[in-house]
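Asker: next one to model:
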Amino acid sequence: MRRGQSTAPSSGPAPAGGMAQRGNMAIALKRVYEPPSPEDGCRILVERLWPRGLTKQGAVIDLWCKEVAPSTELRRWFNHDSARWIEFQRRYVRELHDQAEALASIVQRARVGPVTFVFASREPVYNNAAALKAFLEKTWDQWLAGSDTTDGGR
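Answerer: A predicted model of the protein is given here:
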């Protein structure tokens, strides 16, 4: 009922591969259009808009976390332009500062078992799911300690 996984390491984006694990956290990345797999664990859609052409049943999503998706303005500015990747990540992390509750919900699920961030972009490397995963990997120890981690990307 769940989909397979692909990952991007925290040191930088990478195309689909295996599940990255750090401490007790296992977060994978996968396009929403790929078939589900049991290894996906909890499937979290990290898009502001529902993916085109998919029904909610067909997408097999456990949680739609719109709050952690980049703003429409940032998404349009970035437009998956690899030359803007570093600046996109910086701006995106600034936006995440206001989403501590939504991020905590994701971290709670990642503590229990594998999580797959599901995204709609055709771009497997430079996308918001990869940036979000990198941010959480960078701040994971702070989440485990229970401190405010939304400053981890400043």
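
Asker: how near is the residue nearest to the spatial centre of the chain to residue 83?
Answerer: By C-alpha atoms, centre = their mean, the mean C-alpha position of the chain lies nearest to residue 129, the distance being 3.3 Å. Per C-beta to C-beta, to the nearest Å, residue 129 is found 19 Å from residue 83. C-beta coordinates here come from the backbone N, C-alpha and C atoms, glycine included.

Asker: ditto for residue 57
Answerer: To residue 83, residue 57 is 38 Å away according to C-beta to C-beta.

Asker: and stretch 40-53, end to end?
Answerer: Between the opening and closing residues of stretch 40-53 we find a distance of 21 Å, counting by C-alpha to C-alpha, to the nearest Å.

Asker: list the buried residues for that stretch?
Answerer: For stretch 40-53, a neighbour-count test (16 or more other C-beta atoms under 10 Å) marks 40-48, 50-51 as buried.

Asker: could these go into a markdown table alongside distance to residue 61, secondary structure and pLDDT?
Answerer: A markdown table is the format used below for the buried residues of stretch 40-53 (distance: C-beta to C-beta, whole Å; DSSP: H, G, I helix; E, B strand; the rest coil; pLDDT from 0 to 100):
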| residue | distance to residue 61 | secondary structure | pLDDT |
| --- | --- | --- | --- |
| 40 | 10 | helix | 96 |
| 41 | 13 | coil | 96 |
| 42 | 10 | strand | 96 |
| 43 | 5 | strand | 97 |
| 44 | 7 | strand | 98 |
| 45 | 5 | strand | 98 |
| 46 | 10 | coil | 98 |
| 47 | 10 | coil | 97 |
| 48 | 14 | coil | 95 |
| 50 | 9 | coil | 95 |
| 51 | 9 | coil | 94 |
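
Asker: from the residues you listed, pick the one nearest residue 28.
Answerer: Relative to residue 28, the closest of the buried residues of stretch 40-53 is residue 40; by C-beta to C-beta it sits at 6.8 Å.

Asker: these two touch, right, that closest one and residue 28?
Answerer: Yes. Under the criterion of C-beta atoms under 8 Å, residue 40 is in contact with residue 28, at a separation of 6.8 Å.
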